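> this one's sequence-less:
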Ligand SMILES: NC(=O)c1ccc[n+]([C@@H]2O[C@H](COP(=O)([O-])OP(=O)(O)OC[C@H]3O[C@@H](n4cnc5c(N)ncnc54)[C@H](O)[C@@H]3O)[C@@H](O)[C@H]2O)c1
């Protein structure tokens with residue numbers, strides 16, 4: 001490990017920590033030297049899998065004693081602010097999983113309190129997905145012409161029970177059962193953030209949130225209508241009870257443009273109209289690749305001093321959209337379920 005290597009401590013060794021640790025293992029000039037989780041066996045398992053020497057169960061002890069320069073916060077959303085406060089007290093820069101905080105008000109208070117003491121980037125990694133990077137390039141180089149309308153959809157079956165009794169979403173991330181703000185705050189926040197990165201700033205016109213599953217308290221279906229400052233409409237929608245779609249089904253997207261339109265479906269990206277181009281992606285590579293790209297950006301920005309694309313301040317704009325979605329939706333709809341949700345094949 002060279003003198004210039006960024007020494008990192010990772011907090012939270014649950015479901016998504018592996019994607020982070022794989023990304024760190026591929027990142028030059030950085031090394032995870034400590035992991036922490038109150039569930040010691042989880043931290044120990046990741047330490048063994050990735051050859052990390054120090055294992056902690058107490059975040060404060062890790063940040064004070066492990067000799068790290070930065071932390072990667074991969075804990076539940078309600079703990080992020082406390083983690084960042086301790087990081088700031090120890091002068092450690094932080095990469096923090098989304099959402100920065102459960103509400104916009106908490107995030108605003110945190111950003112004001114931290115000020116310039118440390119640098120904080122939010123892991124809004126979806127906008128780093130290879131196909132979205134390509135779409136941004138097509139739009140910015142004029143190949144689409146004027147964008148006239150767009151929609152992004154996340155249709156999955158992850159809240160439907162499989163024949164083996166498993167509900168993928170609840171089995172992979174049990175915490176989602178208790179989240180009052182579920183699909184938008186946990187998943188569609190990625191689409192809203194990515195939409196900002198593609199179309200610029202926007203505002204929420206209307207939204208409708210529903211819950212079909214009896215196993216959760218938050219929404220599992222959402223339809224959101226936005227208006228970009230550029231003037232065109234953007235529709236963002238998601239549903240977790242869509243049979244026939246895999247539990248991790250990738251994004252679908254359509255952009256209408258005056259020169260070319262864009263279609264993304266099943267990881268196949270098409271530019272069509274005045275010219276034709278088709279790019280086929282391997283979804284698993286895109287998925288891991290966006291963690292790799294986000295973590296590389298974090299390390300590079302710390303080294304060069306360039307701003308984070310997804311800084312804590314930038315996250316406030318995405319969280320404002322999330323907040324406005326919940327405010328405009330009003331009470332959660334409970335559409336009458338005419339028949340029980342049927343089991344779907346794995
Ligand atoms: N960017 C993405 O694509 C993506 C995907 C999934 C989850 N996430 C986000 O990552 C975060 C974690 O999600 P997850 O699915 O891994 O959750 P998880 O529940 O599987 O894991 C969280 C881990 O944090 C640990 N933990 C809780 N409190 C802690 C503390 N005070 N100190 C250290 N560890 C603590 C828990 O014991 C658990 O092991 C959430 O904010 C979630 O929204 C992001």
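That came in fine, so what should we check first? The shown structure was predicted, so the numbers you read here are calculated from the model rather than taken from an experiment.

> and the helices in the stretch 51-200 of the chain?
59-65, 80-89, 104-114, 130-140, 168-172, 189-199 (DSSP state H, counting those that start in this stretch).

> quick one: low-confidence parts of the protein?
Within the chain, the segments meeting pLDDT under 70 span 336-346.

> longest helix in it, please.
helix 283-304 (DSSP state H).

> pull the number of nearby residues for the closest residue to residue 306 other than its chain neighbours.
Using C-beta to C-beta, 6 or more residues apart in numbering and skipping residues adjacent in sequence, the residue nearest residue 306 is residue 300, 7.3 Å away. Heads up, the C-betas are built off the backbone N, CA and C, glycines and all. Residue 300 has 15 neighbours, counted by other C-beta atoms under 10 Å.

> what's the neighbour count on the nearest residue to residue 73 once chain neighbours are set aside?
Spatial nearest neighbour of residue 73, chain neighbours left out: residue 96 (4.3 Å); criterion: C-beta to C-beta, 6+ apart. Applying other C-beta under 10 Å, we find 26 other residues in the vicinity of residue 96.

> beta partners of residue 96?
residue 73, residue 122 (DSSP bridges).

> surely it touches residue 119?
No - under the criterion of C-beta atoms under 8 Å, residue 96 makes no contact with residue 119, lying 11.0 Å away.

> between those two, which contacts overlap?
Taking C-beta atoms under 8 Å, 6 or more residues apart in numbering as the contact criterion, residue 96 and residue 119 have no common neighbours.

> can you pull the contacts of residue 136?
Residue 136 sits next to 197, 198 when contact means C-beta under 8 Å, 6+ apart.

> sorry, back to before: ok, now how distant is the residue nearest to residue 73 from residue 239?
28 Å (C-beta to C-beta, to the nearest Å).

> now swap in residue 27 and tell me
35 Å.

> again, but for residue 100
Taking C-beta to C-beta, one finds residue 100 at 25 Å from residue 239.

> and for the residue nearest to residue 192 when sequence neighbours are not counted, the neighbour number?
Leaving aside its chain neighbours, residue 192 sits nearest to residue 321 (4.7 Å; criterion: C-beta to C-beta, 6+ apart). A total of 25 residues lie near residue 321 under the criterion other C-beta under 10 Å.

> was I right to think residue 261 contacts residue 276?
No - at 11.0 Å, residue 261 and residue 276 do not qualify as touching, with contact defined as C-beta under 8 Å.

> more neighbours: which of these two?
residue 261 (20 against 9).

> let me know whether residue 103 touches residue 323 as I believe.
Yes - between residue 103 and residue 323 there is a contact under C-beta under 8 Å: 6.9 Å.

> are there residues contacting both of those two? Which ones?
Joint contacts of residue 103 and residue 323 (C-beta under 8 Å, 6+ apart) do not exist.

> which of the helices of the stretch 51-200 of the chain sits most buried?
Each of the helices of the stretch 51-200 of the chain was assessed for mean neighbour count using mean count of other C-beta atoms under 10 Å. The highest is helix 189-199, with a mean of 23.

> so that one, near the ligand or not?
No - under the criterion of C-beta under 6 Å from any ligand atom, helix 189-199 makes no contact with the ligand; the nearest approach is 6.7 Å.

> packing partners for that helix?
helix 130-140, strand 147-155, strand 221-228, strand 233-239, helix 312-329 (3 or more C-beta pairs under 8 Å, 6 or more residues apart in numbering; DSSP states H and E).

> now the helix or strand following it: buried residues?
Downstream of helix 189-199, the first helix or strand assigned by DSSP states H and E is strand 202-210. Across strand 202-210, burial judged by 16 or more other C-beta atoms under 10 Å covers 202, 204, 207, 208, 209, 210.
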